[in-house]
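# only the shape, not the letters, is given here:
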């Protein structure tokens, strides 16, 4: 999307922009004779590296307000921006003044809206939209949106902090717009003409699908993204796009609308599991896409992501990133929504290391889900390790070497100097020593070893890299050839 293609040839021993300056200088001295070239295809303008940021869903469900969001943005600017965390994203139902203000049998506070038999909303004041059927922020929660300003004042606030602003949208057109037959900007068509009442999300009842064969369908999406561009949106999380069935037609319309908007926007598709068979289509139309179902703080889901990230690893690349979902760490489900009781993450400390190590070496986008305002600083160490973040942002040839007998091993390369990153994981319920035979990757000779989480150098190794690892824990190392 809005792509420019160019090829960077990195000659080892020339480019040494490694995070660890000591390693960089040593590598420059020891690899001058190395003439191996690494070609990095960087056909992109957006998402050159996996996007990093924060999304409101895991902590606030659909209920965050302007005061809470701005406070979170302040925290990000003061504490996380320097490490690369830059996107601040408001998740779903921001157009409703008090979403989920009643309980449903399916989930506490689930934000479905009740309708009359004729399709009219039981409470029309709950749906805020403009004259073209485009949803706009509820001023009760986002007061700066008053007077038709929409999210522009909040986007300006985020940008002034040196960060980028994102919003969640649902695929399709709001059913109230279809009921009212609101006009589609720039056409003689109405929302009713393009809406597909039979095509609804099975977990959120607000939207009808859009029939891409109808006149006015693309124009409707164009009008949406024209509005988002005017607001200054940098990131779009488009939901209900891949959950069966896979909505290729609407994904393409969204992609085209972003291109026409004149403003670069990351396109993140939800929810998963995305079908691997659609990888070429996803690479062509999106910057990131969910490869898992909603990911929460339990070991079974984390272990399953080893297989998902492994299956998607051939499709990692600049501008397009398979997404393991948000990081459910820190304080989650405020006021017992959206998933379980309010709590600190159920992940153990070793599982935190596994989560951040796996997401980093698999180059998944890093989107923090926990509440930044009430999560203790002791947890923030998992978001502030520059060496581990470097692996996520800059390594190449990321892949799983083995997952067998309660152990998993991933490997990647630093294109700046040829160093190798090796992650060892203990999937067992008891401490284990995990060993990796370096010959399995033709790594011969002696290597300097840095434990990236501990930030310290270990004894040099040759032949075998080993570490004793806690149950469900992970470690990651940088190996520099001596």
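Nice, I can see it. Note that the structure is a prediction, hence the values are computed from the model and not measured. Numbering: from 1, shown residues only.

# any weak-confidence spans in the protein?
Applying pLDDT under 70 to the chain flags the ranges 1-44, 105-106.

# would you list every one of the helices in it?
Assigned by DSSP state H, the chain shows helices spanning 21-30, 57-60, 66-79, 152-160, 175-180, 191-194, 217-231, 248-261, 279-285, 299-312, 349-361, 377-380, 386-394.

# highest mean neighbour count out of the ones you listed?
When you average the neighbours per residue for each of these (mean count of other CB atoms under 10 Å), helix 57-60 leads with a mean of 27. C-beta here means a position set from N, CA and C on the backbone, and glycine is covered the same way.

# run the chain-centre distance for that helix.
Centroid separation for helix 57-60 versus its chain: 14 Å, with CA atoms, centre = their mean, to the nearest Å.

# before we move on, back to that, out of the helices of the chain, which gets nearest to residue 123?
Nearest of the helices of the chain to residue 123, taken as CB to CB: helix 175-180 at 10.5 Å.

# can you give me how far the closest one is from the chain middle?
With CA atoms, centre = their mean as the basis, helix 175-180 stands 31 Å off its chain's centre.

# equivalent analysis for stretch 53-65, please.
14 Å.

# same check on stretch 298-316?
For stretch 298-316, the distance to the chain centre is 14 Å (CA atoms, centre = their mean).

# contact partners of it?
For stretch 298-316, the surrounding residues in contact (CB atoms under 8 Å, 6 or more residues apart in numbering) are 273, 276, 279, 282-283, 291-292, 295, 322, 324, 346-347, 351, 354-355, 358, 362-364, 398-400, 403, 408, 425, 427, 472.

# report the contact partners of residue 218.
212, 253, 256, 257 are the contacts of residue 218 under CB under 8 Å, 6+ apart.

# swap in residue 148?
Residues in contact with residue 148, defined by CB under 8 Å, 6+ apart, are 130, 136.

# do you know how far it is from residue 130?
8 Å (CB to CB, to the nearest Å).

# strands of the stretch 351-482 of the chain, start to end?
366-368, 396-404, 407-413, 420-426, 432-437, 447-451, 456-461, 464-469, 474-481 (DSSP state E, counting those that start in this stretch).

# winner for burial among those?
Stretch with highest mean neighbour count among the strands of the stretch 351-482 of the chain: strand 366-368 (a mean of 26; mean count of other CB under 10 Å).

# looking at the strands of the stretch 351-482 of the chain, spot the one closest to residue 94.
That would be strand 366-368 among the strands of the stretch 351-482 of the chain, by CB to CB, at 17.2 Å.

# just how off-centre is the closest one within its chain?
Counting by CA atoms, centre = their mean, strand 366-368 is centred 6 Å from the centre of its parent chain.

# stretch 405-412 now?
For stretch 405-412, the distance to the chain centre is 23 Å (CA atoms, centre = their mean).

# now swap in stretch 138-146 and tell me
Centroid separation between stretch 138-146 and its chain, computed with CA atoms, centre = their mean, is 26 Å.

# just the buried positions in that stretch, please.
Buried positions in stretch 138-146, judged by neighbour count with 16 or more other CB atoms under 10 Å: 138, 141, 142, 144, 145.

# next step: these restricted to strands.
Among the buried residues of stretch 138-146, none falls in strands (DSSP state E).

# now for the residues you listed, which pair is the farthest apart?
138 and 144 (11.8 Å).

# ok, now how distant is the nearest residue to residue 463 once chain neighbours are set aside from residue 426?
In this structure, residue 463 finds its nearest non-sequential neighbour in residue 438, 5.9 Å apart by CB to CB, 6 or more residues apart in numbering. According to CB to CB, residue 438 stands 19 Å off from residue 426.

# assess the claim that the residue nearest to residue 463 and residue 449 are in contact.
No. Judged on CB atoms under 8 Å, residue 438 makes no contact with residue 449 at a distance of 10.8 Å.

# so what sits against both of those two?
Here residue 438 and residue 449 have 461, 465, 479 as joint contacts, going by CB under 8 Å, 6+ apart.

# bridging residues for the first one?
In this case it means residue 461. Legend: beta-bridge partners of residue 461 under DSSP bridges are residue 447.

# is it true that it touches residue 445?
No. Using CB under 8 Å, residue 461 makes no contact with residue 445, being 10.0 Å away.

# common neighbours of the two, please.
By CB under 8 Å, 6+ apart, no residue touches both residue 461 and residue 445.

# residue contacts, residue 398?
Residue 398 neighbours (CB under 8 Å, 6+ apart): 313, 316, 361, 362, 363, 410, 411, 412.

# list the contacts of the last one.
By CB under 8 Å, 6+ apart, residue 412 lies in contact with 361, 391, 395, 396, 397, 398, 399, 420, 421.

# try residue 111
Residue 111 is in contact with 61, 62, 92, 93, 96, 99, 100, 204, counting by CB under 8 Å, 6+ apart.

# recalculate using a threshold of 10 Å.
By CB atoms under 10 Å, 6 or more residues apart in numbering, the residues touching residue 111 are 61-63, 92-93, 96, 98-102, 104, 126, 204-206, 337-338.

# now do residue 456
Contacts of residue 456 (CB under 10 Å, 6+ apart): 449, 450.

# do residue 178 as well
119, 133, 172, 190-197, 207-208, 210.

# now rank the residues you listed by neighbours and give me the top one.
Within those, most neighbours by other CB atoms under 10 Å means residue 194, with 28 neighbours.

# what sits against that one?
When contacts are counted by CB under 10 Å, 6+ apart, residue 194 touches 133, 172-173, 177-178, 184, 187, 208-221.

# swap in 8 Å and give it another go.
Residue 194 sits in contact with 173, 184, 210, 211, 214, 216, 217, 220, where contact means CB under 8 Å, 6+ apart.

# same question for residue 388.
Here residue 388 is in contact with 356, 357, 360, 452, 453, 476 (criterion: CB under 8 Å, 6+ apart).

# if we go to 10 Å?
Contacts of residue 388 by CB under 10 Å, 6+ apart are 19, 353, 356-357, 359-361, 366, 382, 421, 423, 452-453, 455, 476.

# how about residue 53, nearest residue that isn't a chain neighbour?
Nearest non-adjacent residue to residue 53, counting by CB to CB, 6+ apart: residue 87, 2.8 Å away.

# is that neighbour bridged to anything, and to what?
On the basis of DSSP bridges, residue 87 takes part in beta bridges with residue 53, residue 164.

# ok, of the contacts of residue 388, which one's closest to residue 342?
Distances from residue 342 to the contacts of residue 388, taken by CB to CB, are shortest for residue 382, at 20.2 Å.

# what about residue 167, distance to residue 268?
In terms of CB to CB, residue 167 sits 11 Å off from residue 268.

# what touches both of those two?
Joint contacts of residue 167 and residue 268 (CB under 10 Å, 6+ apart) are 89, 235, 236, 237.

# wait, isn't residue 290 in contact with residue 55?
No. The pair residue 290 / residue 55 is not scored as a contact, 11.8 Å apart, by CB atoms under 10 Å.

# neighbour count winner among those two?
More crowded of residue 290 and residue 55, by other CB under 10 Å: residue 290, with 26 against 23.

# got the end-to-end distance for stretch 449-459?
Start and end residues of stretch 449-459 are separated by 7 Å (CA to CA, to the nearest Å).
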